[in-house]
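A.B. asks: Mind folding the following:
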Amino acid sequence: MTFGAALWLAAAGLAAVAWTRLALLGLLTQARVDRLGTGPVEPPPGGWPRLAVVVPCRDEAADVEAAVRSLLAQDYPDLEVVAVDDRSTDGTGGILDRLAAGEPRLAVVHLAGLPPGWLGKNHACHVGAGRASGRYLLFADGDVVFAQGALRRAVAYAERHRLGHLVALPRLVAHGFGERAFVTGFAAIANYVFRVWELRRPRTCGFIGVGAFNLLRRDDYLRVGGHRLLALEVVDDAKLGLVLRRSGVRQGAVDSGGLVQVRWQAGLVRSLGGLVKNGFAGAEYRWSVALGATSALAFLSLAPFAAAAWAPLVSIRLVGLYGYAVSAAIHGTVARRFGGGSGAEGLLQPIAGLALCGVHLASAALTTWRRGIVWRGTRYPLDALRAGCVRAADWPVDGAVGWE
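C.D. replies: Have a look, this model is predicted:
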C-alpha cells in the first residue's frame, strides 16, 4: 500500500469509527429520552401545582398571538401566563394587551428600557419570573406553539420523577428541505454537546437547556441565582441548564412528540444567520474551542464522503461509504423524529456539517472584528460578554445528581 493510500485509509477509518461511536450514543440517547406520549395523564398525588409560563417577547408580532393562544388553550388547572414585552416596535405589545383583555390568566409586562449589564431577553425572563407566582416556572420563547395537553404531561412527568428541571425537546418546524437539513443537522450535533444520555447518572458532564421549553421548580431557579447570574450570557437557555444540573438539581429531557413546536428561523438563510449571533458564545468566546470544534466537524463531514468518492482503493472507498452512511443515518433519524422530515435530509450531512462550521467561524470572526455583538438593536461589547460568560469549567460535575 502506498503512503497516499495509507493516509486515505487512516482518515476514512478514523471517521468511520467516530461516526459508529456517535451512532451508538444516539441509540443510547433514544433509550434514555422518553416521549411525552398520548395516553391519559394522572394528576400528581398532591394535586396540580401552580404553573407560571414566562414568555419574553421582542418584535414577535408575526408569531406571538398563535403562541400565547396555544398556552391559554391548555387544560392545565392552575395556570398563569406572564408575557413580557421587551421594548417591541412592531405591535407585539398591542397584540398582547388585546389577548389579555378579559383573560385573567394572562399578565402583560411592558418594558420601556434595558438596565446596564443585561441582555434584553435575559432581563425580560428575570422580570417575568419576578412577576410570576407559580411553584413551577416554564420559560418559553414568544414563537413556540403548544398542542393540547403539553403542560399537563410535562408537569406530571417532572413530578413523577421528582425533577427540578425538565426540557421538552420541540418539533423543529422547517418548510424547505435545505432548511430542515441544516436545522436538524445542528440538533444532531447538539445532542453530543449536551450529552443527554448522561442526565440520569450522577457526577456526569451532561446538561441541557432550550429556549423553547425550560420547565423548572421556582425554588431551584432562585437558589442558583436565576437569570441575574446569566445577565450577559448569550446562550442563556443552555447555561441555565448547566448551572441547575451542576448545582444538584435533578434534570431530565423528554421528546415532546410534536406537542411543542417552534420554527427556529424563517428560511435557510435566516437559519444560517441566526447562529452568527450566538455561535462564538457557544465556544465561550475562545478561538481555540471554536477552531477545534469546527475542525473536528469538518473532518467528520468530509472524510467519509471524500474517501467514498476518490480513494485509490475499492476497500478504502467501502470504509468511506460506511462512514457516510452512518452519518446520514444519524442525521436522518433526527430529521424524522424532531423535524418531521423523511430522513433523506441525512444525505446532506456533509453540506450541513460544513455549513455549521462556516457559520461558527463567521460568528467568531465577526464578533472579534466588531469587538462585540449587535442583538436586536443593542450593542454588547466583547469584553463585557466574556466577563459575563458562565463557563462550564467553573461548575464542576461533582454537584451533578442523577435520578435513575
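A.B. asks: CA only for contacts and neighbour counts going forward, please
C.D. replies: Noted.
A.B. asks: which residues in the stretch 151-300 of the chain form strands?
C.D. replies: With DSSP state E, counting those that start in this stretch as the definition, the stretch 151-300 of the chain shows strands at residue ranges 165-169, 171-172, 214-217, 251-255, 260-262.
A.B. asks: Among those strands, show the one with the smallest mean pLDDT.
C.D. replies: Of all these, strand 171-172 carries the lowest average pLDDT, namely a mean of 90.
A.B. asks: Which elements pack onto that strand?
C.D. replies: Counting contacts by 3 or more C-alpha pairs under 8 Å, 6 or more residues apart in numbering; DSSP states H and E, strand 171-172 packs against strand 260-262, helix 314-339.
A.B. asks: now the strands of the stretch 151-300 of the chain in a markdown table, with distance to Thr368?
C.D. replies: Shown next, in a markdown table, are the strands of the stretch 151-300 of the chain (distance: least, C-alpha to C-alpha, whole Å):
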| stretch | distance to Thr368 |
| --- | --- |
| strand 165-169 | 32 |
| strand 171-172 | 30 |
| strand 214-217 | 30 |
| strand 251-255 | 34 |
| strand 260-262 | 30 |
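A.B. asks: Same list, those strands, but as JSON lines with mean neighbour count and distance to Val276 please.
C.D. replies: Below are the strands of the stretch 151-300 of the chain laid out as JSON lines (neighbours: other C-alpha atoms under 10 Å; distance: least, C-alpha to C-alpha, whole Å):
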{"stretch": "strand 165-169", "mean neighbour count": "26", "distance to Val276": "22"}
{"stretch": "strand 171-172", "mean neighbour count": "24", "distance to Val276": "19"}
{"stretch": "strand 214-217", "mean neighbour count": "25", "distance to Val276": "23"}
{"stretch": "strand 251-255", "mean neighbour count": "25", "distance to Val276": "26"}
{"stretch": "strand 260-262", "mean neighbour count": "21", "distance to Val276": "19"}
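A.B. asks: Looking at these, which is nearest to Ala325?
C.D. replies: Ala325 sits nearest to strand 171-172 of all the strands of the stretch 151-300 of the chain, at 23.4 Å, using C-alpha to C-alpha.
A.B. asks: And the strands of the stretch 151-300 of the chain: which comes nearest Lys121?
C.D. replies: Among the strands of the stretch 151-300 of the chain, the nearest to Lys121 by C-alpha to C-alpha is strand 214-217 (14.2 Å).
A.B. asks: for that closest one, packing partners?
C.D. replies: Looks like strand 214-217 contacts strand 136-139, strand 165-169 (3+ C-alpha pairs under 8 Å, 6+ apart).
A.B. asks: In this protein, which helix is the longest?
C.D. replies: helix 3-32 (DSSP state H).
A.B. asks: Could you tell me what pLDDT the model assigned to the nearest residue to Leu313 once chain neighbours are set aside?
C.D. replies: Of all residues not flanking Leu313 in the chain, Ala5 sits nearest, at 7.3 Å (C-alpha to C-alpha, 6 or more residues apart in numbering). pLDDT for Ala5: 89.
A.B. asks: do Arg263 as well
C.D. replies: Arg263 carries a pLDDT score of 86 in this model.
A.B. asks: for the residue nearest to it when sequence neighbours are not counted, what are its contacts?
C.D. replies: Leaving aside its sequence neighbours, Arg263 sits nearest to Val173 (C-alpha to C-alpha, 6+ apart; 4.6 Å). In this structure, Val173 makes contact with Arg180, Gln261, Val262, Arg263, Trp264, Gly339, Gly340, judged by C-alpha atoms under 8 Å, 6 or more residues apart in numbering.
A.B. asks: mind putting the residues you listed in TSV, distance to Tyr285 included?
C.D. replies: Below are the contacts of Val173 laid out as TSV (distance: C-alpha to C-alpha, whole Å):
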residue	distance to Tyr285
Arg180	28
Gln261	30
Val262	27
Arg263	27
Trp264	23
Gly339	29
Gly340	33
